[in-house]
Structures are given as C-alpha cells and as structure tokens.
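> Return atomic coordinates for the entry below.
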Amino acid sequence: MEKIEAIVERASDGTFSVYCTDEMFTGMGDTADAAKKDMMIQMEFFKQIAVEKGLWYPAFLDEDFEVVYKFDTKSLLEYYSGILSLSGLEKITGIHQKQLWNYLHTETKPRKAQIEKIEQGLHSLGKELTSISL
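Residues are numbered from 1 along each chain as shown. As a prediction, this is how the structure comes out:
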C-alpha cells in the first residue's frame, strides 16, 4: 500500500489546508477533518475527469493508498488546544509552557530538537492511552 504524505496547516483566518508533499492534491476546510475530506474528494474528482477524457493521472489512485497527515507545530498546538493544555504538554514534552505558548501565539518556530520532543511526548502519550484496558 502506497503512503502519501500530506501537511495540515491552520491559516490565520482559522481555516485549515492540506497539501500533499509529493503530489499535486490539496484540500481546504473549516476544520482539519473537513480539509482532509476535501482533498480526498479532489483526488477522486481528478481521477474521474482524467479517466473520462483519457488523460494521465497518478497510478496510486487506482490502488489502495494511505494518506499520512503531518501537522506543522503551530497548527498541531492550535488544533489540540481545547484538548491538551500547555501545562499538560509541558509534562509530556519537557518544554516549558511559556515556550509552547510562544510557538502557539507568535511566529517563533521550534528547533528540530524541540519538534522531536513534542513528537516523542505525544507518541508516548498515545502509546499509554492505547494500552489502557477497561
């Protein structure tokens, strides 16, 4: 199964966009999920038109494929701000919440090491949550 990478970003007006890193497809919406859905609709529409007109289209559209979505740091923090508090993120990442606030509310971009701490912290949290048995 082919994996297609796509980036999810939040715009300054609060809407979301999704774009493939190595393909031509994009999507937009009021939420990240709506933008993802829009991109999938655009992929299907493109294939349909290409087939009807006998034009080229990417081969992966004929097969099972998976889109792997990645958020930029600011968009991720904004998207989950109603679920994860900055103090909670500080606990799982080791990054002071004032610094996380800067990533969220200013144009300050984290260094690669900080991005990796955020990623590792969220992955660790995810593993813990998926191991819970009720």
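
> Could you use CA atoms for every contact and neighbour count after this?
Fine.

> Buried residues, the longest helix belonging to the chain. List them.
Counting residues, the longest helix found in the chain (DSSP state H) is helix 32-53. Residues 32-40, 43, 46-47 are the ones in helix 32-53 that count as buried (16 or more other Cα atoms under 10 Å).

> helices or strands up against it?
When contacts are defined as 3 or more Cα pairs under 8 Å, 6 or more residues apart in numbering; DSSP states H and E, helix 32-53 sits against strand 16-20, strand 26-29.

> Reformat those strands as JSON lines; add mean neighbour count.
Below are these laid out as JSON lines (neighbours: other Cα atoms under 10 Å):
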{"stretch": "strand 16-20", "mean neighbour count": "22"}
{"stretch": "strand 26-29", "mean neighbour count": "21"}
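
> any chance of these in TSV, with mean pLDDT too?
Formatted as TSV, those follow (pLDDT from 0 to 100):
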stretch	mean pLDDT
strand 16-20	96
strand 26-29	97
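
> Just put those in JSON lines and tack on distance to residue 102.
JSON lines is the format used below for the helices and strands packed on helix 32-53 (distance: least, Cα to Cα, whole Å):
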{"stretch": "strand 16-20", "distance to residue 102": "20"}
{"stretch": "strand 26-29", "distance to residue 102": "25"}
